Every structure is written in C-alpha cells, then in structure tokens.
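Engineer: Based on what follows, work out the 3D shape:
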Amino acid sequence: MSAQHRQGSTRHAGRAAIGAVAYAVTVFLLLPTLVIMPMSVGPERYLRFPPNGFSLRWYAEYFGDADWINATLFSLEIGVVTTIAATVVGTMLALALVRGRLPGKGLVELLVIGPVIVPHIALAVAMFLVFEQLRLTGTLLGFAMAHTILALPFVVFTVLAALYRFDADLERAALSCGAGPLRTFRHVTLPLIAPGVVSAALFAFIISFDEAVVSFFISNLDRKTLPRKMFEDIDYNVSPTLAAVATMLTLLTIVALVGSHLIKSRLDRRTRTATD
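Structural biologist: Numbering: from 1, shown residues only. Down below sits the predicted model:
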C-alpha cells in the first residue's frame, strides 16, 4: 500500500470518526425531547414513560386553560416586537460595523457580544433592579427591551456573515450610477443580504420566545411569559400538561428552523439569479 493511499484511508477514517461522534452527541442532546413527546400523550395524571395508552387530554387542557393561553399570547406578542426591534437595530449596526467608520469599533463589537458572555442570571438581576425603578417589570416594553438586548448579538453576527459574503462592488456600482445610499440599500444591499436578515429575525424570535431566566426576574403575577408559567407549574403542579407545552415548543422551534432554511435557500437562489 502506497503512502498516499494510506494517508487517504487515514483521512477517511478520521472523517468517519468525527461524523460518528457528531451524530452521537446530537442523539444524546435530542434524547430528552424524544422522551418528553410520548409522555405528553399519556392518559395518566402524572408523567410516565413509556405511556400506558394514548390521549390528547393534556393538549386539550392546555388550550382550555386561560392562564396558559394568556402566557402564550404574551410570549408571542413579546417575540414579535423583539424580532422587529432586534432585526432593525441589528441590521443597522452590522452595516455600520462593515461599511461605516465607527470610532472604537472594537469596543462596540465587545458591547454587542456582551449579552452572550455575561451570565444570564447576572443580566437578569441587573435588569430587574433597573426596570423596577422605571416601573417596567411585567410590561411589554420592559420584556421587549430585555429580549432585544439578548437577541441583538445573534442578529448582528448573522447579518455580518451575510455582509462579508456580499460583493461590495455592487454597491459602488449603484452609487456611481447616481443612486443615493438609502436607495442603494433598499434595491441592492437588502435584497442580497435578505437570507441572512431572515435567518437573524427567526433567531431573534426563538431566543425571545424560549428565554426563561431574565423573563423570570422581570415578570410579575399579572403578566408572565410561557417559560415563567412553566417554571411555576414545575414548582406547584407537575402534570403532563408541561410535557405537552414542551413538545409544542420543540415543534415550533423545528418548524422555525426548517422554515428559515427553506426561505434562505429560496432567497439564495433568487439572489444568484439576480447577480448572474
């Protein structure tokens, strides 16, 4: 066996080993979800795996409970506002970092990534102390501000990746033909980075809808998010309804990620067609 052939075999075996480890880790991470889903359709009033039968009573109990529905609608409302705010601000900030000449650019990038580095419990305590003084705890504005801060890093770096792949000569060509900066952004830049912006918006929504730590601190008894409601039920009333809610949250996340991939693929094809 030649040295080149042995090197190729070793490389192939290395890739196979890395792939096997990646699949094993993925299965390990998904295993709790795969256990929760069957438990959500069990007929008993307690969590049991495997379930002793099949029933949708816990999903019906969720949809028939005003507290669960109010918490869900409030989380959706916060998620929509957060998505809009984080996407607009994050896209503008990403453009400023790539195209602008910001003084202290490194400091700005550090501040943007700060919510990812700082523990959420520390952020939650700080936001509670500030929001309590401003009477923003339990309000839509307070939640939207807090979640926008948490989602902003993911939006900025997702849009940054799209901008770095984008050919800046197309912008220069539009400007040289007489288009202003705003028109160039609307008709050239935004359509070409649209896949990244859409992905960033979906990330922002998922982060807002699933956020639990900060939401627990800045909510109150009247206005609470779905994760806060789930934590309360874990403390006082563990029932299969929790498994039903967790299953629906998981499916919502999967649908959002699949939708993001499909939209991104379609926009990528449209972008390539437009630039060819």
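Engineer: name the element residue 254 belongs to?
Structural biologist: helix 240-275 (DSSP states H and E).
Engineer: now swap in residue 183 and tell me
Structural biologist: helix 181-184.
Engineer: So which bits of that helix are buried?
Structural biologist: Neighbour-count burial for helix 181-184, counted by 16 or more other C-beta atoms under 10 Å, picks out residue 184. The way it works is simple: take the backbone N, C-alpha and C, and place the C-beta from them, glycine included.
Engineer: Quick check: next helix or strand after that helix?
Structural biologist: Under the assignment DSSP H and E, the closest C-terminal helix or strand after helix 181-184 is helix 190-210.
Engineer: Any chance you could list what contacts that next one?
Structural biologist: Helix 190-210 has contacts (C-beta atoms under 8 Å, 6 or more residues apart in numbering) with 75-76, 78-80, 82-83, 86-87, 90-91, 147-148, 150-151, 154-155, 158-159, 161-163, 166, 170, 226-227, 249, 252-253, 256-257, 259-260, 263-264, 267-268, 271, 274-275.
Engineer: got the CA coordinates for stretch 58-72 in PDB?
Structural biologist: Listed in PDB are the C-alpha atoms of stretch 58-72, where the atom choice follows Å, rounded to 0.1, in the frame of the first residue of the first chain:
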ATOM      1  CA  TRP A  58     -53.300  17.300  28.200                       C
ATOM      2  CA  TYR A  59     -53.200  19.300  24.900                       C
ATOM      3  CA  ALA A  60     -56.900  20.000  25.400                       C
ATOM      4  CA  GLU A  61     -56.300  21.100  29.000                       C
ATOM      5  CA  TYR A  62     -53.600  23.500  27.800                       C
ATOM      6  CA  PHE A  63     -55.900  25.100  25.200                       C
ATOM      7  CA  GLY A  64     -58.700  25.200  27.700                       C
ATOM      8  CA  ASP A  65     -56.700  26.900  30.400                       C
ATOM      9  CA  ALA A  66     -56.800  30.800  30.300                       C
ATOM     10  CA  ASP A  67     -53.600  31.100  32.200                       C
ATOM     11  CA  TRP A  68     -51.600  29.000  29.700                       C
ATOM     12  CA  ILE A  69     -53.200  30.800  26.700                       C
ATOM     13  CA  ASN A  70     -52.600  34.300  28.200                       C
ATOM     14  CA  ALA A  71     -48.900  33.400  28.900                       C
ATOM     15  CA  THR A  72     -48.500  32.000  25.400                       C
END
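Engineer: Pull the distance from it to the chain's centre.
Structural biologist: Relative to the centre of its chain, stretch 58-72 is centred 23 Å away, using C-alpha atoms, centre = their mean, to the nearest Å.
Engineer: which residues are in contact with it?
Structural biologist: 40-42, 224-226, 228-229, 239-241, 243-245, 248.
Engineer: Out of the residues you listed, which end up buried?
Structural biologist: With burial judged by 16+ other C-beta under 10 Å, the buried subset of these is 40-42, 224-226, 228-229, 240-241, 243-245.
Engineer: Show the model's pLDDT score for residue 268.
Structural biologist: Looking at residue 268, its pLDDT stands at 63.
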